[in-house]
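Asker: Coordinates only, no sequence provided:
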């Protein structure tokens, strides 16, 4: 089954403790992206990647890092999480680049930073 | 700044009625629009898309209308069913955007009662 898999689904952590949210897709998509979703603010893009070793900032990249060493994986890294990063995170991939054709989203990771 | 937004945060309809969800965008350079459906606990799911060279596109029970003159987008759902209850987002992309991909509106919550 074609899908985007995020792990973990739920995570509670403390301020300053580094964490990684993994994202993997099995569709051989070149384009991958991370969004955060907050009440009243909708979905905002954090980082995106056009291909292996090609990443760039989205609208809200502060406090986040990403890497794209393999085509299928696009982990989101929070080096020193803070409470304002408490949010619902979605990874997405697309076969058609940034224009969003055929976007497939993961099921989300709900992160709480205390 | 330029943004995509929805007119109403919530919409309540009776089962069997037709639903109309509206979206206004401000970037006249936007050339591609998508409607997504997000059910509770899940990631956004692609519903239908439309390019700026079209003013109407139909899918199964859904129709998207685009009025470029007033920069307005709408999603019409025919014979609304309880399973249509979800948050609906419009998203746009502009041909002149060098970085970010889809820009999402804040969403409309559709509630369908039996």
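Answerer: Okay, I see it. Model, not experiment: these values are computed from the prediction.
Asker: got the residues of chain A near chain B?
Answerer: A:4, A:31, A:33, A:35, A:40-45, A:48, A:56-59, A:90, A:92, A:98-108 (Cβ under 8 Å from any Cβ of the partner chain). In short, each C-beta sits where N, CA and C put it, glycine included.
Asker: Mark which of the residues you listed are buried, thanks.
Answerer: Among the residues of chain A next to chain B, the ones that count as buried by 16 or more other Cβ atoms under 10 Å in any protein chain shown are A:4, A:31, A:33, A:35, A:42-45, A:48, A:58, A:90, A:92, A:98-100, A:103-106, A:108.
Asker: Walk me through which strands the helix or strand harbouring residue A:89 pairs with, and which way each runs.
Answerer: When elements are defined using DSSP states H and E, residue A:89 is found to belong to strand A:87-94. The partner list of strand A:87-94 in its sheet, established with DSSP bridges, is strand A:31-38 (antiparallel), strand A:104-105 (antiparallel), strand A:109-113 (antiparallel).
Asker: ok, and what's touching it?
Answerer: Contacts made with strand A:87-94 from outside it, assessed by Cβ atoms under 8 Å, 6 or more residues apart in numbering or on different chains, are listed as A:4, A:6, A:21, A:23, A:25, A:27, A:29-38, A:43, A:46, A:74, A:76, A:100-106, A:108-111, B:43-44.
Asker: make it 7 Å
Answerer: By Cβ atoms under 7 Å, 6 or more residues apart in numbering or on different chains, the surrounding residues in contact with strand A:87-94 are A:4, A:6, A:21, A:23, A:25, A:27, A:29, A:31-38, A:43, A:74, A:76, A:100-106, A:108-111, B:43.
Asker: that older thread, out of the strands paired with strand A:87-94, the one nearest residue B:80 is which?
Answerer: Evaluated over the strands paired with strand A:87-94, closeness to residue B:80 peaks at strand A:104-105, with 23.1 Å, by Cβ to Cβ.
Asker: Now that closest one: average pLDDT?
Answerer: Strand A:104-105 shows a mean pLDDT of 90 in the predicted model.
Asker: residues in contact with that strand?
Answerer: A:2, A:4, A:27, A:90, A:92-93, B:43-44.
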